[in-house]
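[1] requesting a structural model of the entry that follows:
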Amino acid sequence: MVFKNKIKLAAFVGIALSVASLLVHLLLADYSTGDLIRHKVDDFYAVGPKFRNQNLWGPVKSLDTLQPFATPRNSYPGPNGENGFIYAKIFGGFDSIRSAICDLVTIARLLNATLVIPEIQQSLRSKSISTKFKSFSYIYNEEQFIAALSNDVVVVKSLPDDLKDARKQNKLPVVSPRYSTATSYYIGKILPRLKESKAVGLMISYGGCLESILPPNMAEYQRLRCRVAFHALQFRPEILALGNRMVERLRGSGRPYMVFHPGLVRDTLAFRGCAELFQDVHTELIQYRRSKMIEHNFLHENLNVDSMARKRNGSCPIMPEEVGLILRAMGYHPNTIIYLAGSEIFGGQRVLIPLRAMYLNLVDRTSLCSKKELTDLLGPETSLPLDLPQSPPEKSKKQLIKEWNKAGPRPRPLPPPPARPFYRHEKEGWYGWVAETDTEPEPSRMDLRLQAHRLIWDALDYLVSVEADAFIPGFHNDGSGWPDFSSLVMGHRLYQMAYATTYRPDRKTIAELFESIRDHLYHPKRNWTATVREHLNNSLGVEGLTAAAKMLKPRSFISHPLPECSCRLSKPKNIIRDTTKGGDGELLYGGEPICPDWLVNGMVSLKPPTPSQKDDVPEDNELPEDDPVPEGPPESDSGSRNEVSSRSSEQDEEMDPDD
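    Next up, the predicted model:
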């Protein structure tokens with residue numbers, strides 16, 4: 001009996017040691033290998049019936065004292081516009097238009113001129129848009145624009161009749177200012193001509209016609225830019241209503257959502273030399289656009305470059321697959337709701353397949369809105385003639401006999417079977433010409449209409465992106481200086497809610513991280529995961545903000561409207577440490593004043609509720625062509641800048657106020 005008890009005891013001890021050994025091995029494996037799905041669950045706060053991880057969804061504590069404050073702070077006399085009228089034509093896409101309008105208002109204030117509602121080239125009647133709209137009103141609210149700027153600039157809808165006639169007869173001076181033109185140019189060159197002719201036309205092609213950083217004594221003009229970008233430029237009511245419904249649908253389950261903007265645009269990829277990131281026809285399309293940029297002396301580089309070297313240097317976008325891996329490393333659940341912004345994603349759905357495999361709730365405007373809701377925004381449009389391929393002309397009997405006599409010896413082999421017909425869907429889009437000709441055809445009327453539609457789609461995406469709980473760009477701040485969609489969204493979020501989760505990844509650092517695990521992307525070590533989390537978490541706060549500001553603010557003020565357009569609820573603990581200046585001594589961060597009492601007392605806090613009891617992350621539920629070759633800067637998200645080359649020949653038509 002004693003012997004049997006000893007055997008049972010030995011067996012029990014052996015089983016216990018085996019279980020302990022198994023647990024130790026599991027713990028070691030979990031420590032040594034990064035798990036891209038799991039994340040430490042702590043610090044949750046309630047959002048309706050659900051809970052969300054505070055580490056992933058904010059707020060960013062180092063920026064929670066910043067508040068929007070763009071009202072004038074000094075004596076600010078009212079406008080009278082006595083020096084004349086400024087009218088303008090803006091070329092480019094959504095981001096270029098938004099930046100150019102902010103500059104135009106500032107210039108009108110600088111010259112004490114009356115501003116005529118600017119014309120947007122992409123939404124003229126010649127682009128076959130609905131007759132319900134006229135240029136500016138296609139995406140923006142004219143009445144709101146005029147009323148919001150009543151204390152800053154006199155804004156009218158059209159020129160007086162006498163000046164309108166002079167404009168049609170080309171008697172008024174028209175100027176094409178360069179990108180980021182100094183204020184001295186407008187005061188010294190434009191103001192005398194304005195006083196002489198009583199009206200001057202501006203043609204803006206690069207997204208901005210005024211330098212980003214103004215002298216310290218012109219801080220009120222910087223705040224005027226903020227009032228234009230973040231208050232006066234409101235989308236027309238129909239776009240606002242649908243955008244708000246989209247946000248409500250994304251948050252309908254009580255959970256937060258993220259917005260990802262890939263930034264995969266053909267012009268940008270060609271300009272940066274990123275053709276080898278794609279394959280087959282996509283590489284050929286990028287190289288064709290790059291060759292045209294070189295041909296028009298816009299790009300002074302070789303046609304063929306090492307795209308992988310460019311990517312390692314941070315010049316190319318972060319691909320959607322890499323963004324998915326980054327988010328998994330951060331700990332975002334596979335059922336996280338991700339909204340895909342961007343009216344153009346070069347490469348189409350193929351490049352999104354890996355991201356969709358990692359995140360099932362990847363949605364866009366087409367999955368959130370019905371076809372009728374999107375069509376209603378376009379207004380009643382006239383039908384355009386179908387651009388069907390023309391059949392070859394029939395040969396005469398004489399030609400057939402001549403070909404027969406020239407044919408080879410008899411008997412001849414059977415003729416090949418007839419070629420498969422090309423269907424309509426194969427002839428449409430920016431890719432349909434590749435197999436047929438070496439030259440990209442001119443855009444059809446339908447192509448021009450689709451370019452105008454992109455303005456509306458970008459407006460919807462902009463609304464959803466600004467209101468998102470988290471935002472991550474695939475490509476922003478490329479160093480070229482021209483505005484891009486992601487940078488404008490990040491600037492608006494910084495102004496409106498600086499504490500929101502806005503990632504500012506350094507593409508060079510991200511490329512180095514992926515290069516180190518290229519052979520085992522989906523099985524990285526835990527130290528790699530920790531490095532990714534550290535980099536992205538740092539990009540949320542002051543460190544990432546000031547690093548991005550050094551590149552953004554010298555080129556686009558509304559992409560980094562600090563410190564002129566913000567105030568603080570309390571003083572920072574270390575003013576010296578928290579003050580950052582750029583290379584030219586401009587203040588990038590830390591010079592914000594204390595918010596006035598009237599703002600603090602009347603402010604409604606936008607911060608999320610206080611942290612609640614810890615709980616597990618709930619299982620998320622499922623949610624319900626290209627542009628012609630530019631001779632200006634590459635477009636960053638939508639629209640084209642290719643009209644620059646033809647402006648001289650089309651000036652009469654393009655500057656016609658009755659277009």
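[2] what about the residue most central in space within the chain, distance to Pro68?
    By C-alpha atoms, centre = their mean, the chain has its centre lying nearest to Phe485, at 2.2 Å. As judged by C-beta to C-beta, to the nearest Å, Phe485 and Pro68 stand 21 Å apart. For every residue, glycine as well, the C-beta is placed using N, CA and C.
[3] please apply the same query to Tyr76.
    18 Å.
[4] who's more crowded, the two?
    A direct count of neighbours by other C-beta atoms under 10 Å for Tyr76 and Pro68 places Pro68 higher, at 20 against 14.
[5] which phi and psi does the more buried one have?
    For Pro68, the backbone dihedrals (degrees, to the nearest 10) come out as phi -70, psi 130.
[6] the residue lying closest to it once chain neighbours are set aside: how many residues sit nearby?
    Closest residue in space to Pro68, ignoring its immediate chain neighbours: Tyr495 at 5.2 Å, by C-beta to C-beta, 6 or more residues apart in numbering. Number of residues near Tyr495 (other C-beta under 10 Å) recorded here: 23.
[7] do the same with Gly81
    For Gly81, using other C-beta under 10 Å, the count is 18.
[8] isn't it right next to Asn112, touching?
    Yes. In this structure Gly81 lies within contact range of Asn112 using C-beta atoms under 8 Å: 6.6 Å.
[9] a helix runs through the residue nearest to Pro68, doesn't it?
    Yes. Assessed by DSSP: H, G, I helix; E, B strand; the rest coil, Tyr495 belongs to a helix.
[10] tell me, what's the model's pLDDT at Gln451?
    Listed pLDDT for Gln451 reads 88.
[11] host element of it?
    helix 445-466 (DSSP states H and E).
[12] strands of the stretch 201-350 of the chain, start to end?
    Using DSSP state E, counting those that start in this stretch, the strands of the stretch 201-350 of the chain run over 257-261, 337-340.
[13] hang on, the earlier thing: the residue nearest to the centre of the chain against Ala341, yeah?
    Yes. Between Phe485 and Ala341 there is a contact at 7.5 Å, judged by C-beta under 8 Å.
[14] can you work out which residues contact both of those two?
    Residues touching both Phe485 and Ala341 by C-beta atoms under 8 Å, 6 or more residues apart in numbering: 261, 461-462.
[15] the stretch 401-550 of the chain: strands as residue ranges?
    470-473, 501-502.
[16] what's the last one packed up against?
    Contact partners of strand 501-502 among helices and strands, from 3 or more C-beta pairs under 8 Å, 6 or more residues apart in numbering; DSSP states H and E: strand 470-473, helix 485-496.
[17] direction included, what does it pair against?
    strand 470-473 (parallel) (DSSP bridges).
[18] residues making contact with the strand it pairs with?
    Strand 470-473 is contacted from outside by 56-58, 256-261, 263, 323, 326-327, 465, 486-487, 489-490, 493, 500-505, using C-beta under 8 Å, 6+ apart.
[19] what do you get for stretch 492-500?
    58-61, 63-64, 66-68, 70, 226, 229-230, 462, 465-466, 468-471, 502, 545, 558, 560-562, 565-566, 606-607.
[20] return the subset of those lying in helices.
    Among the contacts of stretch 492-500, the subset assigned to helices under DSSP state H consists of 226, 462, 465-466, 545.
[21] could you export those as TSV, including pLDDT?
    TSV is the format used below for the ones in helices among the contacts of stretch 492-500 (pLDDT from 0 to 100):
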residue	pLDDT
Cys226	95
Tyr462	97
Ser465	97
Val466	96
Leu545	88
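[22] ok, which pair from the residues you listed is furthest apart?
    Tyr462 and Leu545 (20.7 Å; C-beta to C-beta).
[23] circling back: please check the contacts of stretch 492-500 and keep the buried ones.
    58-60, 63-64, 66-68, 70, 226, 229-230, 462, 465-466, 468-471, 502, 545, 558, 560-562, 565-566 (16 or more other C-beta atoms under 10 Å).
[24] counting by contacts, list what the helix or strand encompassing Ala108 packs against.
    Using DSSP H and E, Ala108 sits within helix 94-110. Applying 3+ C-beta pairs under 8 Å, 6+ apart, one finds that helix 94-110 contacts strand 85-90, strand 114-116, strand 199-204, helix 219-227, helix 445-466, helix 485-496.
[25] repeat that for 10 Å
    Secondary-structure packing of helix 94-110 (3 or more C-beta pairs under 10 Å, 6 or more residues apart in numbering; DSSP states H and E): strand 85-90, strand 114-116, strand 119-120, helix 183-185, strand 199-204, helix 219-227, helix 445-466, helix 485-496.
[26] among the ones you listed, which is nearest His300?
    strand 199-204 (23.4 Å).
[27] show me where pLDDT drops low in the stretch 1-150 of the chain?
    Residues of the stretch 1-150 of the chain that meet the criterion pLDDT under 70 lie in 1-4, 25-53.
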